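Chemist: Next one to model:
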Amino acid sequence: MSSKPGKIEDSYDVVIVGGGPAGLAAGLYAARTNLKVVLLERGIPGGELLNTELIEDYPGFRSITGFELAQKMEAHARDFGLEIRMEEVQLIKNMGEYREVKTNRATYHVPAVIVASGGTPKKLGVPGEAEFAGRGVSYCAVCDGAFFTGEEIAVVGGGDSAMEEADFLTRYASKVYLIHRRSEFRAQAIIRDRALANPKITTILNAQVKSINGDDKVTSITYVQDGVEKELSVAGVFIFIGFQPNNNFFADHVEHDEVGYIITDQTMATNIPGIWAVGDVRHQLTKQITTAVGDGTTAAIAVAKYLAELKHAKAVSKANAQSNTE
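Modeler: Numbering: from 1, shown residues only. Here you go, the predicted structure:
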């Protein structure tokens, strides 16, 4: 269900932007506290869960597909009264007494907004990358590393994340090829040195990946090194060339780090009054389903407290005004 084009919606307490695990958890908790809440998602609820074939590190589920977990989270939130609309958010603006959220279909005026818009791993953009996503191509070592126990795999990238994840993946893989397009890694020295000292890691420098190959799953990659095309047999390809947080709809300056991740306090509040940020769009140590759900829970409880205090303050102000006129 979506709102009517051009309509101004002002009957909600909270707008949640994004329908991944953080947004759905926030929606569940906000709805449970009897707030009138709507979640705006441009696609199917689930976020990055929909790009994850199998999940084995979410408490309570020994093994579950990303799609199935997304469906369960959505259904659970809806059971508590969360309303979900398929709309794309284009602008969020602080208007003083309320926050304005503009989508491709409507404009919302609400006292509180929870931004759970997530982010997007940067892609190589080579043949086979999209085709084998979830079938050998991954953007999360913690999520998928265990699926490659005893296998030879490739990690593409040269920054901190690529080096850290390559080192982590040696817990499972028999060999990790670390492929970088430049002649030197740009990771911090301490991270680089630790990874390069690992006997399971072999570096391939000055190499550009041209394609990811396979049948039902990844079997090899093709790359060009010093003008020569080569093929490397691997069971998986982990790509760590950057992650772009989805935060380009703010009209006001929201405090963020050098990459663009939104900085929050312990309640998930941003520097803009009435706006919270949760999940992968937020500056934090790790990006996991469990941490996203925790963020959403914290923000929803903080919002409920904020709205209760706001309501109390307005009641006191109204009572004082009436008293002054008598």
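
Chemist: so where is the chain shaky, pLDDT-wise?
Modeler: 1-6, 325-326 (pLDDT under 70).

Chemist: Now do the domain split for it, please.
Modeler: For the chain, automatic domain parsing gives the domain ranges 7-121+243-325, 137-239.

Chemist: Out of those, which gets nearest to Pro127?
Modeler: Pro127 sits nearest to domain 137-239 of all the domains of the chain, at 4.4 Å, using Cβ to Cβ. Bear in mind the C-beta positions are built from the backbone N, C-alpha and C, glycine included.

Chemist: tell me how far the ends of that closest one are from each other?
Modeler: Using Cα to Cα, to the nearest Å, the span of domain 137-239 from its first residue to its last is 8 Å.

Chemist: Near Gly66, how many other residues are there?
Modeler: Using other Cβ atoms under 10 Å, Gly66 is surrounded by 21 other residues.

Chemist: cool, Gly145 as well?
Modeler: Based on other Cβ under 10 Å, the number of other residues close to Gly145 is 20.

Chemist: now Thr203, what's its secondary structure?
Modeler: At Thr203 the chain is in strand, as set by DSSP: H, G, I helix; E, B strand; the rest coil.

Chemist: Which residues are in contact with the nearest residue to it once chain neighbours are set aside?
Modeler: Spatial nearest neighbour of Thr203, chain neighbours left out: Leu178 (4.9 Å); criterion: Cβ to Cβ, 6 or more residues apart in numbering. Leu178 makes contact with 154-155, 162-163, 166, 195, 201-204, according to Cβ atoms under 8 Å, 6 or more residues apart in numbering.

Chemist: Tell me the spacing between Leu178 and Phe238.
Modeler: Using Cβ to Cβ, to the nearest Å, one obtains 10 Å as the distance from Leu178 to Phe238.

Chemist: Now for those two: what residues contact both?
Modeler: 154-155, 166.

Chemist: Turn those residues into CSV, including neighbour count.
Modeler: Formatted as CSV, the shared contacts of Leu178 and Phe238 follow (neighbours: other Cβ atoms under 10 Å):
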residue, neighbour count
Ala154, 28
Val155, 31
Ala166, 30
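
Chemist: which of those lies closest to Pro245?
Modeler: Closest approach to Pro245 among the shared contacts of Leu178 and Phe238 (Cβ to Cβ): Val155, at 22.0 Å.

Chemist: Tell me who's in contact with the closest one.
Modeler: 162, 165-166, 169, 176-179, 237-240.

Chemist: quick one: the strands in the stretch 201-326 of the chain?
Modeler: Applying DSSP state E, counting those that start in this stretch to the stretch 201-326 of the chain gives strands spanning 201-204, 207-214, 218-225, 228-233, 236-239, 243-245, 275-277.

Chemist: need the contact list for Ala173.
Modeler: Counting by Cβ under 8 Å, 6+ apart, Ala173 touches 145, 148-153, 200, 236.

Chemist: re earlier: I'd like the domains of the chain as a markdown table, with distance to Pro127 appended.
Modeler: Output for the domains of the chain, formatted as a markdown table (distance: least, Cβ to Cβ, whole Å):
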| stretch | distance to Pro127 |
| --- | --- |
| domain 7-121+243-325 | 18 |
| domain 137-239 | 4 |
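
Chemist: With respect to Glu129, which of those lies nearest?
Modeler: Glu129 sits nearest to domain 137-239 of all these, at 5.5 Å, using Cβ to Cβ.

Chemist: Quick one: distance of the closest one to the chain centre.
Modeler: Here the centre of domain 137-239 is set off from its chain's centre by 23 Å, with Cα atoms, centre = their mean, to the nearest Å.
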